[in-house]
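Colleague: Sequence plus predicted model, see below.
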Amino acid sequence: MTGQAFFVLTALADGPRHGYGIVGEVAGLSQGRVKLKIGSLYGVLERLAAEGLIEPDREEAHDGRLRRYYRLTRDGRSALAEEAELRAATARVVRARLGLTAPGTAGAAG
Amino acid sequence: MSGNLERRYRRVLRLLPGWYRQRWEEDMVAAFLDSWLTGDPEADEYITKAAGPGWAEVASVASLAVRLQLGGAGAPRRYFAWGQAVRGAVLAVTLVQAVAGVFALVQMAWSRHLFSWLPAPPATMVAAAPGGILPPVVWYLMACAWIVSFVTLVLGRYRAAQAIAALAIAPDLIRLLEGQFTGRWPAPHVGPWAFWVLLDLAPVLAMSAFHRDAPPTARRPWLLALPAGYLLVGVPLLALEASGNTAWLPDFSGLYCFLVCLACLAHVPRVWSGRADGSGVWSLTLTLLAADAGAYRILSIADYLHDPHLINVSLAELLILLVAVALVAPDAVRAQAATPAPPPHPRLG
């Protein structure tokens, strides 16, 4: 899973969001390091929709325009959980190798 | 309120294929306007008049357009056919460059007496090192770079292959600019520029068709094509050069036309057999290669305006190329026409 797809799925983990809402949430989650352009966002959304990881939730009118909200599917939730676990495990290894692991938790780096 | 800004963004979105715009355009426009508009009528009026999609935004749409127009896995058949055809054509042109690279390296080794078992190299070969402001080693590195780029592309390291090829075309550009501005070459000097644009720059840019959705390249046949191409084309050329029988050989443009013709003729039995096993994509690939070779042939004629015989030879090569491509072009058209509907998009509600 690419970094962008991971962030987009994470942005949808706590509820449905519309396109620009996802852009803002991803910027926040990544502490400003990932600034999705609209073309990139919809490239990711199209791929995730094709893979069945997200689906449209609802449409809401806003300033005369329709905002379409997206939500995670069950498969999307599983894929995100799996990816989060993988990344967490990698992070634990990195912390252990850098000697940053708190005393008593070194075994978790396994 | 959002009139001009929205119009400018929709113009950019025209880069995307119709089926994609049908599904996502309104969504993209809404998100784009959300990223600009503040809700303050005065500020928004100014923004919609003055602002437009920035370069980064346009680049993101262009990049998405390349991925969709030159489709990979999951794309509608027409876009997949175009994607595969462009990828095939890029591999073929990069193969030609790689074979030319092997040829240049062998020629260099022979001219420096590195093959002791071969007879002494002909005088023309010894004098063939490219001149100009760049030292000969740059040209040999360039030859190596094309070989490495080809192998890297076949092995699936697409961006590395593109970066290496981009480096490989730089010396040629420097040589062309040097020739242009120092007057070292007589005018009009169109052929070398045509070569650089059509056989150097075009494949480097078109390597963008190798994106994440692109199916993996069949490694074995393409990797074998490099030594086979050298044995079947490079060795006979080298033998002719060594024996001094080069007078009747075509120039590089003519040779390129000849090779594309041969490939078309070799593909014809498959087209006429009527089997629907992907022959259409190959026909489209060959049509693209023929267009590239034909454009190169036409442009390089400008350098032969002083010699009616060479003009006639060039026109004959073009005619033969046209006949050969006419045999596969209808199949190429059929490959695009059979476009089933794209997979359904999840519906609301």
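Modeller: Received the coordinates, thanks.
Colleague: And the lowest mean pLDDT element among the helices and strands of the chain?
Modeller: Using chain A. Scoring the helices and strands of chain A by mean pLDDT, DSSP states H and E places strand A:54-62 at the bottom, with a mean of 87.
Colleague: my bad, the chain I had in mind was chain B
Modeller: Scanning chain B with mean pLDDT, DSSP H and E, the lowest is helix B:123-126, at a mean of 65.
Colleague: Quick check: next helix or strand after the least confident helix or strand of chain A?
Modeller: strand A:65-72 (DSSP states H and E).
Colleague: Check which helices and strands the following helix or strand past that following strand is in contact with.
Modeller: Using DSSP H and E, the helix or strand that follows strand A:65-72 in sequence is helix A:74-97. Judged by 3 or more CB pairs under 8 Å, 6 or more residues apart in numbering or on different chains; DSSP states H and E, helix A:74-97 is in contact with helix A:3-11. Backbone N, C-alpha and C define where each C-beta goes, glycine included.
Colleague: looking just at contacts, which helices and strands does the helix it packs on meet?
Modeller: helix A:19-29, helix A:38-50, helix A:74-97.
Colleague: Quick check: mean pLDDT of it?
Modeller: Mean pLDDT, helix A:3-11: 93.
Colleague: buried ones in that helix?
Modeller: Within helix A:3-11, the residues scored as buried using 16 or more other CB atoms under 10 Å in any protein chain shown are A:4, A:5, A:6, A:7, A:8, A:9, A:10, A:11.
Colleague: picking up where we left off before, export the helices and strands packed on helix A:3-11 to CSV and tack on distance to residue B:308?
Modeller: Output for these, formatted as CSV (distance: least, CB to CB, whole Å):
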stretch, distance to residue B:308
helix A:19-29, 63
helix A:38-50, 52
helix A:74-97, 68
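Colleague: Packed most tightly, which of these would that be?
Modeller: helix A:38-50 (a mean of 22; mean count of other CB atoms under 10 Å in any protein chain shown).
Colleague: which helices and strands sit right next to that helix?
Modeller: helix A:3-11, helix A:19-29, strand A:54-62, helix B:18-36, helix B:55-69.
Colleague: between the ones you listed, which gets nearest to residue A:84?
Modeller: helix A:3-11 (7.8 Å; CB to CB).
Colleague: Report the angle between that closest one and strand A:65-72.
Modeller: Angle between the axes of helix A:3-11 and strand A:65-72 is 90 degrees (criterion: axes from the mean of the first three to the mean of the last three CA atoms, to 10 degrees).
Colleague: Show me the contact partners of helix A:3-11.
Modeller: A:1, A:17, A:21-22, A:25-26, A:29-30, A:34, A:36, A:40-41, A:44-45, A:47-48, A:53-54, A:72, A:76, A:79-80, A:83-84, A:87 (CB atoms under 8 Å, 6 or more residues apart in numbering or on different chains).
Colleague: For chain A, what's its nearest residue on the stretch 51-200 of chain B.
Modeller: Residue of the stretch 51-200 of chain B nearest chain A, by CB to the nearest CB: residue B:60 (3.0 Å).
Colleague: how many neighbours does that residue have?
Modeller: When neighbours are defined as other CB atoms under 10 Å in any protein chain shown, residue B:60 has 21 of them.
Colleague: Report the spatially nearest residue to it, omitting neighbours in sequence.
Modeller: residue A:39 (3.0 Å; CB to CB, 6 or more residues apart in numbering or on different chains).
Colleague: Was I right to think that neighbour contacts residue B:56?
Modeller: No - under the criterion of CB atoms under 8 Å, residue A:39 makes no contact with residue B:56, lying 9.1 Å away.
Colleague: Need the overlap of contacts for the two.
Modeller: With CB under 8 Å, 6+ apart, residue A:39 and residue B:56 have no common neighbours.
Colleague: Please identify the residues of the stretch 1-150 of chain B in proximity to chain A?
Modeller: With the criterion set to CB under 8 Å from any CB of the partner chain, the stretch 1-150 of chain B comes near chain A through B:1-2, B:20, B:23-24, B:26-35, B:37, B:39, B:56-57, B:59-64, B:67, B:74.
Colleague: Low-confidence regions, chain A specifically.
Modeller: A:102-110 (pLDDT under 70).
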